[in-house]
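1. Give me a 3D structure for the following:
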Amino acid sequence: MVMKITDIIKFDDVDILDTLSRMQALCRGVSRNPRYKAKDRKEADALYQDIGKCLCSLGEFGEVVWSDEKEGMSLQVLNVGMIAAHTRRGKKVQDAAKEGHAAVHGTSEEKQKRYRRYQQAIDMYMKQNPAVSYERACSRVALAEGVHTITVKRHTIRPKKK
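-> Residues are numbered from 1 along each chain as shown. As a prediction, the model looks like this:
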C-alpha cells in the first residue's frame, strides 16, 4: 500500500500542516495507549517522531519523508516551496529560544553539576546532623543556594542511613 499525502490533501501549506499535525497527534495517542500491543505502540511512537522531524524541517520536503519498506508504505509531500520561508524563520526562532534557555538556566551539563552539588550538600548536612529530617536539609540547602526548597527536592533523593 502506498499512501501519498498529495492524494489526500490540497497543495497549500495550511492543509499540509494540519494533516501532518493530525497524523502526529493520532500516532502519539496510539503510542501512549496501553490497550495497544507494545509493538504497535513502539511503531506509532517511531512514526510520531518521524513526522515531528518532518514538521521541523518542512523546507526539505519534496522527497519521501517516511517509509516502511516491509509494509510497503511511504509518505510523500510535494510542492511545499511556498512555506519554506516560514519554516526557515521558525527554525531560527526555535534555535534562538534554545540558546536563550541555555543562557538563563544553563546547559544540561551545568544543570547536572548544580543538582549534584545540591545532593552533596544534603548528604554532608545530614551526615553531620543525623537527627535532621530530609525536609529540613532541603530547606537549608535551598536557602544557601538561593533557590526554592521544591527545586532541591525535585533534583535530589533522601540519603540512606548507614
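2. For residue 105, see how far away the closest residue to residue 132 other than its chain neighbours is.
-> Spatial nearest neighbour of residue 132, chain neighbours left out: residue 126 (5.8 Å); criterion: Cβ to Cβ, 6 or more residues apart in numbering. Any C-beta I mention is one placed from the backbone N, CA and C, and that applies to glycine too. Applying Cβ to Cβ, to the nearest Å, the value for residue 126 to residue 105 is 27 Å.
3. Looking at the two, which one has more neighbours?
-> residue 126 (19 against 11; other Cβ atoms under 10 Å).
4. so which strand or helix has the more buried one?
-> helix 108-128 (DSSP states H and E).
5. Can you list the helices and strands that that helix packs against?
-> Helices and strands touching helix 108-128, by 3 or more Cβ pairs under 8 Å, 6 or more residues apart in numbering; DSSP states H and E, are helix 134-145.
6. After the helix it packs on, heading C-terminal, what element do we hit next?
-> Sequence-wise, the next helix or strand downstream of helix 134-145 (DSSP H and E) is helix 149-154.
7. Which other helices and strands does that following helix contact?
-> By 3+ Cβ pairs under 8 Å, 6+ apart, helix 149-154 packs against helix 134-145.
8. Can you check what angle separates the helix it packs on from helix 108-128?
-> 120 degrees (axes from the mean of the first three to the mean of the last three Cα atoms, to 10 degrees).
9. Now do helix 134-145: which elements does it pack against?
-> Against helix 134-145 (3+ Cβ pairs under 8 Å, 6+ apart) you get helix 108-128, helix 149-154.
10. What average pLDDT does stretch 88-96 get?
-> For stretch 88-96, mean pLDDT rounds to 83.
11. now swap in stretch 100-108 and tell me
-> Stretch 100-108 comes out with an average pLDDT of 92.
12. likewise stretch 32-40?
-> Per-residue pLDDT over stretch 32-40 has a mean of 79.
13. mind starting the numbering at 282 from now?
-> Right, with 282 as the first residue, what we last looked at is stretch 313-321.
14. that older thread, pick the most deeply packed of the helices and strands packed on helix 415-426.
-> Mean neighbour count (mean count of other Cβ atoms under 10 Å) peaks for helix 430-435 among the helices and strands packed on helix 415-426, with a mean of 16.
15. can you list the domains in the protein?
-> For the chain, automatic domain parsing gives the domain ranges 286-383, 389-435.
16. Now the weakest link among the ones you listed, please, by mean pLDDT.
-> Among the domains of the chain, domain 286-383 carries the lowest mean pLDDT, at a mean of 64.
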